[in-house]
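A.B. asks: My questions are about this predicted structure, shown below with the sequence.
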Amino acid sequence: MAADGDEPLGERPNVPVANAVHLAGTGPLASGGSFAEVGPADVVARYLHHLEGERGLARNSVLAYRRDLRRYLVHLAARGLPSLDAVGEAEVAGFAAALRAGDDEHPPLAAASVARMLVAVRSLHRFAAEEGDVREDVSKPVRPPAPPRRLPKALTVDQVSAVLAAAGGQHATAPATSGGSGDALEAARRLRATALLELLYGTGARISEAVGLDLDDLDLEAASVRLHGKGGRDRVVPLGRCAVLALADYLRAARPRLAAARSGAAVFLSRRGTRLSRQSAWTQLRTAAAAAGVDGVSPHVLRHSFATHLLDGGADVRVVQELLGHASVSTTQIYTLVTVDRLREVYATSHPRALATGGPATRGRPGDEGPAVDRPARGFSEPTARF
């Protein structure tokens, strides 16, 4: 792998083409054949075609289903099950138990990961039943494990600032014209890393949305960017001053140095001139976090930090919902739980009836010197320059 992480991590498996459409009602039952005639792998292949061609799932989503179902096929083959119709409820439940237990090749999975895989498996069985490949959907009674409710992790503003500063080597400068090509390329990479991370934190973009940007998605004069979200939903998000400056520096001084004939309109380019991969973008963040001495940083942690810092600053949850591209406000409301401890602290240290010192009614009485509350609420600071 290159020093800046531009090489993709392994080969990406092929995804079924979107125009390969399977017509409903053409399974063995509909055609008068035997259920055993159709192997599980054939049903999976048609299901993946269905996800991409008919339901219009994004490529990354189809790849995730493919990886999960590939492991399910291995599980079935190891138990000598020749068709999905030979699978019973016990086998589906056994797959979930095997995921939790792990084996010589796979570590035990957390409840959330098992639940995600079971979603793919149950969707496959439901599809097979609707298509007539099996007599019934035996997976329906198998419920995924309920993962513990974990609050999203967020960095402090100081931690984010440290990571962003480290991305540019403290000071992102334009590529030097008098130095060697290696120094100029390194400067271009620093500008790219700074622009990418400022964009991620300044907009709350998913990593796939950031690396998928084209030049015409950016409007630096209007300080906005169009992000292509899940389910084909686009949204326009404002860009803060720091993100605008970082992107302008990158587009002016770094992207032309990285560009090649095959670059196309991609905003973020690898050292080979191709669109930067998600893995490479992840590496940019990991390298900056390590240099800043901040642990537990990922692209999604930056997204969580974006949402949490907005709510801490008083933003309405529905505004944050729109900025994050959540289809439902209930998804966004998990971030409000992150700030509840801060709210309790503010209340306990600011409200006259919540103060522990001097008794509950000693503050704010007529005749007391000074106002009852004469200090800013902790946890609610002025908006940072990045917003």
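C.D. replies: Great, that's in hand.
A.B. asks: Val236 sits in which helix or strand?
C.D. replies: strand 234-238 (DSSP states H and E).
A.B. asks: how about that strand: buried residues?
C.D. replies: Arg235, Val237 (16 or more other C-beta atoms under 10 Å). Just so you know, the C-beta spots here come from the backbone N, C-alpha and C atoms, and that holds for glycine as well.
A.B. asks: Pull the number of nearby residues for Ala97.
C.D. replies: 10 (other C-beta atoms under 10 Å).
A.B. asks: Got phi/psi on it?
C.D. replies: phi -60, psi -40 (degrees, to the nearest 10).
A.B. asks: do Ser224 as well
C.D. replies: phi -150, psi 160.
A.B. asks: re the thing from before, adjacent strands (with direction) for the strand holding Val236?
C.D. replies: The pairing partners recorded for strand 234-238 under DSSP bridges are strand 224-228 (antiparallel).
A.B. asks: Go ahead and report the secondary structure state at Leu81.
C.D. replies: coil (DSSP: H, G, I helix; E, B strand; the rest coil).
A.B. asks: number of nearby residues for the closest residue to it other than its chain neighbours?
C.D. replies: Nearest residue to Leu81, sequence neighbours excluded (C-beta to C-beta, 6 or more residues apart in numbering): Val87, at 5.6 Å. By the measure other C-beta under 10 Å, the count of residues near Val87 is 24.
A.B. asks: OK, contacts around Val87?
C.D. replies: Residues counted as contacts of Val87 (C-beta atoms under 8 Å, 6 or more residues apart in numbering) are Pro40, Leu76, Leu81, His125, Val134, Val138.
A.B. asks: give me the number of residues near the second one?
C.D. replies: Neighbour count of Leu76, defined by other C-beta under 10 Å: 20.
A.B. asks: And the pLDDT for the residue lying closest to Leu213 once chain neighbours are set aside?
C.D. replies: Leaving aside its chain neighbours, Leu213 sits nearest to Val267 (4.3 Å; criterion: C-beta to C-beta, 6+ apart). Looking at Val267, its pLDDT reads 96.
A.B. asks: cool, and Asp312?
C.D. replies: So Asp312 comes in at 81 (pLDDT).
A.B. asks: Quickly note the distance from it to Leu302.
C.D. replies: Asp312 is 15 Å from Leu302, where distance means C-beta to C-beta, to the nearest Å.
A.B. asks: what about these two, which has more around it?
C.D. replies: Ranked by neighbour count (other C-beta under 10 Å), Asp312 and Leu302 place Leu302 first, with 26 against 19.
A.B. asks: Report the buried residues of the helix or strand harbouring that one.
C.D. replies: Element membership for Leu302 (DSSP H and E) is helix 299-312. Neighbour-count burial for helix 299-312 flags 299, 301-312 (criterion: 16+ other C-beta under 10 Å).
A.B. asks: Please dump those into TSV; it should also carry distance to Pro238 for every row.
C.D. replies: Below are the buried residues of helix 299-312 laid out as TSV (distance: C-beta to C-beta, whole Å):
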residue	distance to Pro238
Pro299	20
Val301	22
Leu302	17
Arg303	16
His304	19
Ser305	17
Phe306	12
Ala307	15
Thr308	18
His309	15
Leu310	12
Leu311	17
Asp312	18
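A.B. asks: For Leu155, state which of those residues is nearest.
C.D. replies: Ser305 (4.6 Å; C-beta to C-beta).
A.B. asks: OK, contacts around that closest one?
C.D. replies: Ser305 neighbours (C-beta under 8 Å, 6+ apart): Ala154, Leu155, Val160, Tyr201.
A.B. asks: Hmm, Leu213 is touching Phe268, no?
C.D. replies: Yes: the criterion here is C-beta atoms under 8 Å, and Leu213 meets it with Phe268 at 7.0 Å.
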